[in-house]
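**Student:** what follows is a predicted structure for the sequence shown.
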Amino acid sequence: MTTAGKSHPLAIGGLITLTLIWSYSWIAMKQVTHYIGAFDFTALRCSFGALLLFIVLLLRGRGMRPTPFGYTLAIALLQTCGMVGLSQWALVSGGAGKVAILSYTMPFWVVIMAAIFLGERMRRLQYFAIAVAAAGLLLVLQPWQLNFASMQSALLAILSGISWGASAIVAKRMYTRHPNIDLLALTAWQMLYAALVMSLVAWLVPQRAPDWQPVVFWALAYSAVLATALAWSLWLFVLRNLPASIASLSTLAVPVCGVLFSWWLLGEEPGVVEGCGIVLIVVALGIVSLKKRVSQVQSVRKAPPCEN
């Protein structure tokens, strides 16, 4: 039997594939901003993503019973509408690599919000990681050089990370009350709710008229099929077959690969100051990941031995 505590070659391959899929999705999301409004694209992405996830549920023989409405709606608003919608909006005027890095500051906001709302104690290493991340944010943002467009993009990207972090807090409370919830069903239902909300937003907020070029359909197919349905299925497979500490490395690798892809494919070469800020944020992410891994090892050591 495969356990999450042992390495699994297919799971390692799945984690690498997952990282590349989610990293490149930032490039697809950026390229499509020239042809369709951010909210229109997000609404379409969520709609097709939800449809595909429900098909995956049916193929796996899972039930179609809705997950707890209040928690699912909150996650839909914070994670999908908030994180995905705000980051797509940020990409209208911001670079893909920079937006990816700022959105992936999520773990730091989780640490802060967990201390405030869940009463979790912050350790000295976490304070240090947040200080390093704050310095990195300052260097990436370079507020002394920002104009309105770049400031708006940066703030939207940071807000997407904060919203994503808030959804993690909601999810943690939900798992406490509903420990046996089906993660794939949760993802499908929250994606459906997000599609309805984003469709309403897209209808109410004035945007550019869609220019239905092939790149729009390519980006939509990539986002819905690869970055949503396939990626979430891979993520569940990875979580089932690898330790959480290794699976969480995607949080570290995706923004780094996103920056490299945007540099290579879009010519978004970071300057020296911005590059130093990116390095600091990545180091801080590494510290947070290390802290999680150490905590998990200590929990295992303290756990009573199982009786055969």
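**Tutor:** Everything's here; your move. Worth saying up front: this structure is predicted, and the values here are computed from it rather than measured.

**Student:** would you map the helices across the stretch 51-200 of the chain?
**Tutor:** Using DSSP state H, counting those that start in this stretch, the helices of the stretch 51-200 of the chain run over 69-75, 85-90, 96-103, 106-117, 124-141, 148-177, 183-204.

**Student:** looking at those helices, which one is packed in the most?
**Tutor:** Highest mean neighbour count of the helices of the stretch 51-200 of the chain: helix 96-103, a mean of 28 (counted as mean count of other Cβ atoms under 10 Å). Placement of C-beta: from N, CA and C, glycine included.

**Student:** and the gap between the nearest residue to residue 274 once chain neighbours are set aside and residue 108?
**Tutor:** Once flanking residues are discounted, residue 274 sits nearest to residue 140: 5.5 Å by Cβ to Cβ, 6 or more residues apart in numbering. Separation of residue 140 from residue 108 (Cβ to Cβ, to the nearest Å): 13 Å.

**Student:** repeat that for residue 240.
**Tutor:** 27 Å.

**Student:** what do you get for residue 66?
**Tutor:** In this view, residue 66 and residue 108 are 32 Å apart by Cβ to Cβ.

**Student:** before we move on, what about residue 34?
**Tutor:** Taking Cβ to Cβ, one finds residue 34 at 32 Å from residue 108.

**Student:** leaving aside the residues adjacent along the chain, what's closest to residue 225?
**Tutor:** Leaving aside its chain neighbours, residue 225 sits nearest to residue 52 (6.4 Å; criterion: Cβ to Cβ, 6+ apart).

**Student:** quick one: pLDDT of residue 296?
**Tutor:** Looking at residue 296, its pLDDT is 46.

**Student:** my bad, residue 28
**Tutor:** On pLDDT, residue 28 comes in at 93.

**Student:** before we move on, what SS does it have?
**Tutor:** helix (DSSP: H, G, I helix; E, B strand; the rest coil).

**Student:** that one: neighbour count?
**Tutor:** For residue 28, the neighbour count with other Cβ atoms under 10 Å is 19.
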